[in-house]
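Peer 1: Based on what follows, work out the 3D shape:
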Amino acid sequence: MKIRSLYEAPTFPWHFVLETVDGRLMKFFINPARKITEEDLSPVPGYQARGNNSREVEDYVYSMYGLEK
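Peer 2: Just a heads-up that it's a prediction; the model follows:
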């Protein structure tokens, strides 16, 4: 799945937040590491994902979940 970016957001423990190619913000449960599909995603308000010291994850994490930047 192609995405723009993947974040760790303290407001969503045990989840990663991703920004889709069309700009939507979605989250998914991080355990276990597996290929992510559209069914695994749930919507997130933009202000919660980008605020609160969110940070982009390292590049190797993308491949663990079958994601491409």
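Peer 1: Compute the first-to-last residue distance for stretch 7-18.
Peer 2: Stretch 7-18 stretches 6 Å from its first residue to its last (CA to CA, to the nearest Å).
Peer 1: How about Tyr65: what's its closest non-neighbour residue?
Peer 2: Ile36 (4.7 Å; CB to CB, 6 or more residues apart in numbering). Any C-beta I mention is one placed from the backbone N, CA and C, and that applies to glycine too.
Peer 1: Point out where this protein drops to low pLDDT.
Peer 2: 46-52 (pLDDT under 70).
Peer 1: just the strands in it please.
Peer 2: With DSSP state E as the criterion, the chain has strands at 3-8, 15-20, 25-29, 42-43, 55-56.
Peer 1: Partner strands of the last one, with direction?
Peer 2: In the sheet, strand 55-56 lines up against strand 3-8 (antiparallel) (DSSP bridges).
Peer 1: Report the distance from the strand it pairs with to the chain centre.
Peer 2: Relative to the chain's own centre, strand 3-8 is displaced by 5 Å; criterion: CA atoms, centre = their mean, to the nearest Å.
Peer 1: Over to stretch 59-69?
Peer 2: 10 Å.
Peer 1: And stretch 26-36, by the same measure?
Peer 2: Distance, centroid of stretch 26-36 to centroid of chain: 8 Å (CA atoms, centre = their mean).
Peer 1: which residues are contacting that stretch?
Peer 2: 1, 9, 12, 14-18, 20, 40-44, 49, 64-67 (CB atoms under 8 Å, 6 or more residues apart in numbering).
Peer 1: Which members of the residues you listed are classed as buried?
Peer 2: Buried residues within the contacts of stretch 26-36, counting neighbours by 16 or more other CB atoms under 10 Å: Met1, Ala9, Phe12, His15, Phe16, Val17, Leu18, Leu41, Val44, Ala49, Tyr65, Leu67.
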